[in-house]
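S.K.: using only what follows, build the 3D model:
(chains A and B)
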Protein chains: 2
Amino acid sequence: MKKSDVVKMIFDHDLNKERRREKGSAFAPTNIALCKYWGKRNVELNLPVTSSLSIALPDKGALTTVSVCNDVSDNIVLNGNKLNQDTPFVIRTCQFLDLFRANTKWFLDIDIKMNIPVAAGLASSACGFASLILALNDLFNWNLSKRELSILSRLGSGSASRSLWMGFVEWHAGVQADGMDCYAEPLRWEWPGLNVGILAVSHQAKSVSSREAMQRTIDTSALYGSWSKKVAHDMPLLKQALQNKNFSLLGGTSESNALTMHAAMLSSWPPVCYFLPETLAFMQKIWKLRQEGLDIYFTQDAGPNLKLLFLEKNAGDVKEQFHDIEIIRVFP
Amino acid sequence: MKKSDVVKMIFDHDLNKERRREKGSAFAPTNIALCKYWGKRNVELNLPVTSSLSIALPDKGALTTVSVCNDVSDNIVLNGNKLNQDTPFVIRTCQFLDLFRANTKWFLDIDIKMNIPVAAGLASSACGFASLILALNDLFNWNLSKRELSILSRLGSGSASRSLWMGFVEWHAGVQADGMDCYAEPLRWEWPGLNVGILAVSHQAKSVSSREAMQRTIDTSALYGSWSKKVAHDMPLLKQALQNKNFSLLGGTSESNALTMHAAMLSSWPPVCYFLPETLAFMQKIWKLRQEGLDIYFTQDAGPNLKLLFLEKNAGDVKEQFHDIEIIRVFP
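M.R.: Just a heads-up that it's a prediction; the model follows:
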């Protein structure tokens, strides 16, 4: 099964029918997984081993505008800078676009405005591919459902499947070989008082891509076998926490889930370690503050930055402890 | 089964027969596990879930001298300082001694000279209990075998069972409920060119004892279930490395084993983290040096310090990179 086969299943009509508008445009938020996606059951289709659960950051993400150009290649402008054709980001994006132009050739001017650092563990590819598929749907008037768009964005980047909604989102691992049951859906709960704080440790691109790190974990970590058990344990707890607004359950489960993902990486060979010394210093500060009674937890993705979880009522205390933190209300 | 039952099994003769000498004295080296001991199948008897493999540090350890005193309690002097009766170290030592004075009462003057920091992840309890049991054997003329002494020292501290020999030592997990098949033995291989470097990050006592950390890992870590698989994978590789003098296999397997133990701790709740920011900075330096071609690996125990593994021929390069390192030739 190839990506192009999935695209064919979704588009029963002719992709190239001229229904297109002048421009397509869409914003997609970045998302922070509270239960992580780590490991693929199918690498080609980005089908995950486990389900995952995320929260969208409403003001952080990618705004993508696309229009058909007269050129013989795609032009990508990221935050005002035209990207060179041989950058990995451009190559990956063009390969994704190729899925939708099997028969006729068109090329796009793509303008992406992203207000998060690229490739620093802040899910830039998630919001990037999600906003791109939404913008394509808009440009070509595909009129696809969110579920179909979730499947298509997943072909670009696994976690992009979750970036099509605000609020809490669950991405179902599914069991089918073609991944047609592997899409994300919004969860019904809201949590107005919930805050996420971004503690930036480094904006540098990571030395090992999450894609590579994930595969290395599966191939070499003796602990990876226990990961799906961890997810099976954590997912119902997270939903229970959302339903009952049990913050310490939400925070504790999220932090433990993230640490377990990083633990599995540490036991890979060569070891994959996204902790920087500063990351660890922040972790220890968080553990100390929590011991002292402040209700604060963290999660961490494939990069050195931490994302803090806390309630609005504690935002003042958190800001006092972490001067450079960027606080985001996830239900503004 | 209690500790005292094990002691009875070993001492078929009367413990209190007056064969004792004026003084008993013994040195025991500390040991660094290359395949770690993490988790007990029996907490009372310190029976481990898995076997482990260690290397002794010949000049680092405890020299213990014991003599019967006229007092009504044991007096312990550690590095010249008389310890207060209510310190955990004294309480634990006296409880250990109680095992050998069930019928008659004697009390000891115990002088311990230890040239490693206590409770900082440098196996002070291992060499402490090993030297104590050797000194008792000497004082009371028990004339026990090393295997029996290994079992007895294990009742004081699990890893003490390995500290009765120089060189490479294997501690067998055993399967019996009474632990009579759970003892250490020296391995036949030597490796004259092997060096261990101690990178001291902190001499402070750890915030969570290894005893508590171990139990918390078993009780709460979703990854602990995979630990015995990791050991089953690593033990034959380590022996193969020793047999063939394959240094990168020895170093890589040891480092991965240690990281996997710390990984299991990280996934505990509350998380157990013996990494300090400085620990991590050293790790990253080691990984970088290795990428640049220097054959250097590390292991880490329940504390923030790192122990580096390298060959004599690289000792100069290592010293140049780590000025404060203490280099130990393990086969002097």
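S.K.: count the residues that sit near residue A:324.
M.R.: By other CB atoms under 10 Å in any protein chain shown, the residues close to residue A:324 number 10. Where you see a C-beta, it was placed from the backbone N, CA and C, and this is true even at glycine.
S.K.: helix, strand, or coil at it?
M.R.: Secondary structure state of residue A:324, per DSSP: H, G, I helix; E, B strand; the rest coil, is coil.
S.K.: same check on residue A:272?
M.R.: Residue A:272 carries the three-state label coil when classified by three-state DSSP.
S.K.: name the element the spatially closest residue to it that is not a sequence neighbour belongs to?
M.R.: Nearest residue to residue A:272 in three dimensions, chain neighbours excluded: residue A:265, at 3.9 Å (CB to CB, 6 or more residues apart in numbering or on different chains). Using DSSP states H and E, residue A:265 sits in helix A:247-266.
S.K.: before we move on, the earlier item: residues contacting the residue nearest to residue A:272?
M.R.: Counting by CB atoms under 8 Å, 6 or more residues apart in numbering or on different chains, residue A:265 makes contact with A:213, A:216, A:217, A:221, A:271, A:272, A:273, A:274.
S.K.: how does chain A divide into domains?
M.R.: If you go by automatic domain parsing, the domain ranges for chain A are A:3-186, A:194-329.
S.K.: any chance of those domains in a markdown table, plus mean pLDDT?
M.R.: Below are these laid out as a markdown table (pLDDT from 0 to 100):
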| stretch | mean pLDDT |
| --- | --- |
| domain A:3-186 | 91 |
| domain A:194-329 | 95 |
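S.K.: and those as JSON lines, adding distance to residue B:37?
M.R.: As requested, the domains of chain A are arranged in JSON lines below (distance: least, CB to CB, whole Å):
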{"stretch": "domain A:3-186", "distance to residue B:37": "28"}
{"stretch": "domain A:194-329", "distance to residue B:37": "16"}
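S.K.: so which of those domains is nearest residue B:287?
M.R.: Of all those, it is domain A:194-329 that lies closest to residue B:287, at 7.2 Å by CB to CB.
S.K.: ok, residue A:178 - how many residues close by?
M.R.: Other residues close to residue A:178 by other CB under 10 Å number 15.
S.K.: typed the wrong thing, it's residue A:41
M.R.: Per other CB under 10 Å, the neighbour tally for residue A:41 reads 17.
S.K.: same deal with residue A:73?
M.R.: Residue A:73 has 11 neighbours, counted by other CB under 10 Å.
S.K.: how much space between the nearest residue to it once chain neighbours are set aside and residue A:184?
M.R.: In space, and not counting its chain neighbours, residue A:73 is closest to residue A:107: 5.7 Å by CB to CB, 6+ apart. According to CB to CB, to the nearest Å, residue A:107 and residue A:184 sit 29 Å apart.
S.K.: look at those two and report which has more neighbours.
M.R.: Set residue A:107 next to residue A:184 and count neighbours by other CB under 10 Å: residue A:184 wins out with 29 against 16.
S.K.: partners of that one in the sheet?
M.R.: Beta-bridge partners recorded for residue A:184 (DSSP bridges): residue A:171.
S.K.: surely it and residue A:161 touch.
M.R.: Yes. Using CB atoms under 8 Å, residue A:184 is in contact with residue A:161, at 4.6 Å.
S.K.: dump the residue contacts of residue A:323.
M.R.: No contacts exist for residue A:323 under CB under 8 Å, 6+ apart.
S.K.: how near is it to chain B?
M.R.: With distances taken as CB to the nearest CB, to the nearest Å, residue A:323 is found 18 Å from chain B.
S.K.: before we move on, what about residue A:284?
M.R.: The gap separating residue A:284 from chain B is 7 Å, by CB to the nearest CB.
S.K.: and that residue, how many neighbours?
M.R.: Counted with other CB under 10 Å, residues neighbouring residue A:284 total 15.
S.K.: again with residue A:143
M.R.: The local packing of residue A:143 (other CB under 10 Å) involves 10 other residues.
S.K.: for it, give me its contacts.
M.R.: residue A:137.
S.K.: gap between it and chain B?
M.R.: Look at residue A:143 and chain B: by CB to the nearest CB, they are 43 Å apart.
S.K.: separation between that residue and residue B:295?
M.R.: 61 Å.
S.K.: for residue A:225, same thing?
M.R.: For residue A:225 relative to residue B:295 (CB to CB), the value is 30 Å.
S.K.: pretty sure residue A:163 is touching residue A:64, no?
M.R.: No. In this structure, residue A:163 is not within contact of residue A:64 by CB under 8 Å, at 11.5 Å.
S.K.: okay, the two: which has more neighbours?
M.R.: More crowded of residue A:163 and residue A:64, by other CB under 10 Å: residue A:163, with 31 against 28.
S.K.: the closest residue to that one other than its chain neighbours in helix, strand or coil?
M.R.: Among residues not flanking residue A:163 along the chain, residue A:130 sits closest, at 3.5 Å (CB to CB, 6+ apart). Classification of residue A:130 using three-state DSSP returns helix.
S.K.: and if you look at residue A:85?
M.R.: When classified by three-state DSSP, residue A:85 comes out as coil.
S.K.: and it, how many neighbours?
M.R.: Residues lying near residue A:85 (other CB under 10 Å) number 12.
S.K.: what's the separation between the closest residue in space to it that isn't next to it in sequence and residue A:102?
M.R.: Nearest residue to residue A:85 in three dimensions, chain neighbours excluded: residue A:73, at 6.5 Å (CB to CB, 6+ apart). Using CB to CB, residue A:73 is found at 17 Å from residue A:102.
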